[in-house]
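Peer 1: Predicted model, plus sequence, below.
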Amino acid sequence: MDKKIEILQEKLAALIDFYENKNLQSLSYHDCFKKTIEILDRAKREFDAGLFFILMFGPLKAGKSTLTNLLAREYVSPTGFGIETTLRPSLIMKSRTKDYVIDVYESVNTKDDQEEMFHLVMDVLRGILDYKAIKSKIRKITIPLTKKNVEKQLICHLDNEPLVTVLNVPGGNLVTEHIALIDMPGLDGIQSNWQDSVIHKWILKRADFLIFIQSSMAALNKATFDFLQDAYLSSRKPPLWLVQNIIDAKYWRSDEERRSDNDTQRQNAKGHISNLLGISEDLRSTAINLGKASDGMDMANFHSLMAESGFPEFECSLKDILQKSRVRIQQENSVKGVLNAMHNCEQEFDRYKEEIRRLQTEYDAQIQKLTKPQNILYTMCKTIRPDAVKRSLEIALKETIDAWKSVCYSHIDRDRLSAGLNSARLKDELQKRAAKLEDDINNSRREDYMEDSSPFKQNINNLAAEYIQDLQGDYMQELNDYLQELNIKPYEQEFYFAPKLDIHDFKISDNVSGILKKTTSLGVKMSGKKEEKINKVIGGFCDACRHELNEYADGLLKIMLTEISGDFDVWIQRSYRDVLSSYISEQIDDRKQELLLEIDKIEDTLAYMKQLETMFDELTDFIHQNIEL
């Protein structure tokens, strides 16, 4: 069997290597693989365990604490009447030093996985892990081994509930450097009930051998049977020994009659439990009068009671069995542990496969949903009807041009134009002043009122903003809702309307000659004084300029309405059809790539799980075909 165990260990090591050679971070739910590799690694290290765990359990007042103290040769399990004498499990082991102390192991961080922390401590105690490796996660508090401290640690309420309480004792016939006892609280207590405590379930995973103590005066209650069933029928299925605590008060009967009665009680209990558990093989069982054994151990004048109790024979038989079979039992339990570990891993895989496939379906659905924002955008663009804005623009432009005309009229002022003129230089000077007038008017148009002016742009933008607000409405909200659902940043860009006008410059100088011909004699003698002549010329010139300005302003309004309205149409379409569409398309493409990468990771993960499960199946087949359990 040793050679087969060696092959099994090699195959298990190869399985763990298959994990370690894979970049687990590249897989979906890589934490799942981290957890399963830890489960397998612990199962592998169990083969090297240096400590064998015997689990002592039974209902309240069955005599479990008394038997534990007898085997340990030390007061390690509180005893008493009418109370729950033990509230938390403890481990009794031979001290590795000359110090007899209680070691209390606590988790440094309660947010850590407490089951994992418990198993780390048990790994240290079994000698398959060094305490230095877990020191950052687990603190150890050491106190003297006294009766008072034993009762405080196992009976009293504690501010910090320990993971494991270890009682280091001198040892005895059974408790040696290779064998330790795990003392469980009464299984049917009010304060400590195994069904309400996860640590009881954790301990079951580490037990190598079971000793069940039952009183001959009590029936097997449901809480105790449920634990017995869980313990014996677990995947490790460790060996079970029934100890019947004989309550013998029929002293008026002969010794032979009492022995026969006690044996009948033991056989009945053994048969009852065998039937309940479905055990076909012969269940180990022993009848002990634990009261006599305890008195015989503690009281110097009553050593004969120990011999009468049946305890020495039980201890001797148990020691003999463990000396012959401990290594084999431990190997069998380790093999069962491997099977159990692989079963747990496959359960993890099944759970995560279901989750991964759900995600895969969700990602596929999201890819399908990515078309929805484009559809909303198309519908939204179909609603673009800027006619109302054009009417508002027309009113705003007319008000702007009227304001500009008022400024122009102030420039076409006869007093300002005639100042300093004389008839001799009337024509030349008037042409210069007309050119200056043209520049002033055009500059005021560009800089103060129209295409390059801040007020003009602000006016246009305010109108555009109102239109955009009306346009977005429920569509934009629906669009953003979909984008958020698809993990795409909502679209919240502001659009600024900045039309580029191509308006012909208003050049008065192009018409100066015609205006001057109409307003001056140009070589024809004029009647009246020079001042009257100049005023008449200037007056005609100003009237002609105003007329020209009015005609130009009317044409300018038409041109601006045409060009700005066209620009506005293009801008709306560009903003909501091209810019927004481009943004959404880019974000959708990015999101689609993310989803496709996630789907690729999922496919890689499922493929990797399939490879692992194949290796699990091969290892399971090897165990069933080559190792008898």
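Peer 2: Yep, it's here. Residues are numbered from 1 along each chain as shown.
Peer 1: Can you pull the phi/psi pair for the residue nearest to Leu318 when sequence neighbours are not counted?
Peer 2: In space, Leu318 comes closest to Leu174 once its chain neighbours are excluded; the distance is 6.5 Å by C-beta to C-beta, 6 or more residues apart in numbering. C-beta: built from backbone N, CA, C; applies to glycine. Backbone torsions for Leu174, taken as degrees, to the nearest 10, come to phi -110, psi -50.
Peer 1: how close does Leu174 sit to Asp208?
Peer 2: For Leu174, the distance to Asp208 equals 13 Å [C-beta to C-beta, to the nearest Å].
Peer 1: what is in contact with these two at once?
Peer 2: Ile54 (C-beta atoms under 8 Å, 6 or more residues apart in numbering).
Peer 1: Of these two, give the one with the bigger neighbour count.
Peer 2: Legend: neighbour count by other C-beta atoms under 10 Å for Leu174 and Asp208, higher for Asp208 (26 against 19).
Peer 1: The more buried one: what's it in contact with?
Peer 2: 52-54, 238, 329-330, 333.
Peer 1: again, only using 6 Å
Peer 2: Applying C-beta atoms under 6 Å, 6 or more residues apart in numbering to Asp208 gives the contacts 52-53, 238, 330, 333.
Peer 1: try Phe456
Peer 2: Met450 are the contacts of Phe456 under C-beta under 6 Å, 6+ apart.
Peer 1: Let's see that with 10 Å instead.
Peer 2: 396-397, 400, 404, 445-450, 499, 501, 560 (C-beta atoms under 10 Å, 6 or more residues apart in numbering).
Peer 1: Helix or strand with the lowest mean pLDDT in this protein?
Peer 2: helix 512-519 (a mean of 58; mean pLDDT, DSSP states H and E).
Peer 1: packing partners for the next helix or strand after that helix?
Peer 2: Next in sequence after helix 512-519, counting helices and strands by DSSP states H and E, comes helix 530-573. On a contact count with 3 or more C-beta pairs under 10 Å, 6 or more residues apart in numbering; DSSP states H and E, helix 530-573 meets helix 387-411, helix 414-418, helix 426-443, helix 454-485, helix 512-519.
Peer 1: now those helices as CSV including distance to Gly186?
Peer 2: Below are the helices and strands packed on helix 530-573 laid out as CSV (distance: least, C-beta to C-beta, whole Å):
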stretch, distance to Gly186
helix 387-411, 85
helix 414-418, 115
helix 426-443, 103
helix 454-485, 55
helix 512-519, 119
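Peer 1: nearest to His119, of those helices?
Peer 2: helix 454-485 (41.8 Å; C-beta to C-beta).
Peer 1: centre of the chain versus the closest one, how much separation?
Peer 2: From the chain centre to the centre of helix 454-485 is a distance of 37 Å (C-alpha atoms, centre = their mean, to the nearest Å).
Peer 1: Show me the shaky parts of the stretch 301-450 of the chain.
Peer 2: Along the stretch 301-450 of the chain, segments meeting pLDDT under 70 span 301-302, 381-386, 388-389.
Peer 1: oh sorry, the question was meant for the stretch 451-600 of the chain
Peer 2: Checking the stretch 451-600 of the chain against pLDDT under 70 turns up 451, 467-474, 491-496, 498-530, 573, 575-577.
Peer 1: what about 90?
Peer 2: Low-confidence segments of the stretch 451-600 of the chain, defined by pLDDT under 90, span residues 451-599.
Peer 1: returning to that earlier point: out of the helices and strands packed on helix 530-573, which is closest to Asp600?
Peer 2: Once the helices and strands packed on helix 530-573 are compared by C-beta to C-beta, helix 454-485 is nearest, at 22.4 Å.
Peer 1: Report the inter-axis angle for that closest one versus helix 530-573.
Peer 2: Helix 454-485 runs at 0 degrees relative to helix 530-573, counting by axes from the mean of the first three to the mean of the last three C-alpha atoms, to 10 degrees.
Peer 1: wait, which of the contacts of Phe456 is closest to Phe314?
Peer 2: Nearest member of the contacts of Phe456 to Phe314, counting by C-beta to C-beta, is Pro499, at 103.5 Å.
Peer 1: Was I right to think the residue nearest to Leu318 contacts Leu71?
Peer 2: Yes: shown here, Leu174 and Leu71 form a contact pair, counting by C-beta atoms under 10 Å, at 5.0 Å.
Peer 1: Which neighbours do those two have in common?
Peer 2: In contact with both Leu174 and Leu71: 54, 181, 315, 318-319, using C-beta under 10 Å, 6+ apart.
Peer 1: As PDB, could you dump the C-alpha coordinates of stretch 12-30?
Peer 2: Provided in PDB are the C-alpha atoms of stretch 12-30 (Å, rounded to 0.1, in the frame of the first residue of the first chain):
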ATOM      1  CA  LEU A  12      -1.600  14.800  -6.400                       C
ATOM      2  CA  ALA A  13       1.600  16.800  -6.700                       C
ATOM      3  CA  ALA A  14       1.300  16.900 -10.500                       C
ATOM      4  CA  LEU A  15      -2.200  18.200 -10.100                       C
ATOM      5  CA  ILE A  16      -1.000  21.000  -7.800                       C
ATOM      6  CA  ASP A  17       1.800  21.800 -10.300                       C
ATOM      7  CA  PHE A  18      -0.800  22.100 -13.000                       C
ATOM      8  CA  TYR A  19      -2.300  24.900 -10.900                       C
ATOM      9  CA  GLU A  20       0.900  26.600 -10.100                       C
ATOM     10  CA  ASN A  21       2.100  26.600 -13.700                       C
ATOM     11  CA  LYS A  22      -1.000  28.400 -14.900                       C
ATOM     12  CA  ASN A  23      -1.400  32.200 -14.700                       C
ATOM     13  CA  LEU A  24      -4.600  32.000 -12.600                       C
ATOM     14  CA  GLN A  25      -5.000  35.800 -12.700                       C
ATOM     15  CA  SER A  26      -5.800  35.500 -16.400                       C
ATOM     16  CA  LEU A  27      -8.900  33.500 -15.600                       C
ATOM     17  CA  SER A  28     -12.400  34.600 -14.500                       C
ATOM     18  CA  TYR A  29     -13.000  33.900 -10.800                       C
ATOM     19  CA  HIS A  30      -9.300  33.200 -10.100                       C
END
